[in-house]
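Undergrad: structure here, sequence nowhere to be found:
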């Protein structure tokens, strides 16, 4: 790969998750979950699909001026299907799940009324604790908290404290 696809991965992830880049890829990042997720995205998809998706996103990003701020619009164009295959759209949906749940979903299709089932496997203990779902719920995963004892006695901070800044 000739371009640094971490920057485009983060930018595309901003558009997919709705979180600011400072929240999902902070400048000071001792956990480095974005690298774990990028590796999982690349390894779980067949035949270089992750690179194809990121190349497509890069082309749209560059054509739009190459400046942050329109990530959701660019991702929307990709998810609308123009130039994006159904398998790539599913892969992008799987990436959303990965960011929120810290797990990679696998869809097994069948002829049932629900058309199949989704199974997921957690990437790592850190990916589970870093899932964005905990921020959305203004909570923390069981057995892992950065809060001090008795935090529940005080009013919770505003939702923006969970969504905009790493907890």
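TA: Sure thing, it's come through. Quantities reported herein were computed from a predicted structural model and do not represent experimental measurements. Numbering: from 1, shown residues only.
Undergrad: is it fair to say residue 117 lies in a helix?
TA: No: assignment of residue 117 by DSSP: H, G, I helix; E, B strand; the rest coil gives strand, placing it outside any helix.
Undergrad: residues touching it, list them.
TA: 107, 108, 110 (C-beta atoms under 8 Å, 6 or more residues apart in numbering). Every residue, glycine included, has its C-beta placed from N, CA and C.
Undergrad: ok, now with 6 Å
TA: Shown in contact with residue 117 (C-beta atoms under 6 Å, 6 or more residues apart in numbering): residue 108.
Undergrad: tell me where the protein has helices.
TA: Using DSSP state H, the helices found in the chain span residues 5-17, 21-24, 33-44, 49-63, 71-79, 86-101, 125-129, 132-136, 159-163.
Undergrad: what's the pLDDT at the residue positioned nearest the centre of the chain?
TA: In the chain, the centroid-proximal residue (C-alpha atoms, centre = their mean) is residue 99; its distance is 3.2 Å. With respect to pLDDT, residue 99 scores 96.
Undergrad: that one against residue 19, yeah?
TA: No: applying C-beta atoms under 6 Å, one finds residue 99 not in contact with residue 19, separated by 7.9 Å.
Undergrad: quick one on the thing from earlier: mind putting the helices of the chain into CSV with distance to residue 117?
TA: Converted to CSV, the helices of the chain look like this (distance: least, C-beta to C-beta, whole Å):
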stretch, distance to residue 117
helix 5-17, 23
helix 21-24, 28
helix 33-44, 17
helix 49-63, 22
helix 71-79, 23
helix 86-101, 14
helix 125-129, 21
helix 132-136, 20
helix 159-163, 30
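Undergrad: excluding its backbone neighbours, what's nearest residue 24?
TA: Leaving aside its sequence neighbours, residue 24 sits nearest to residue 13 (C-beta to C-beta, 6 or more residues apart in numbering; 5.9 Å).
Undergrad: residues contacting residue 119?
TA: By C-beta under 6 Å, 6+ apart, the contact set of residue 119 is residue 106.
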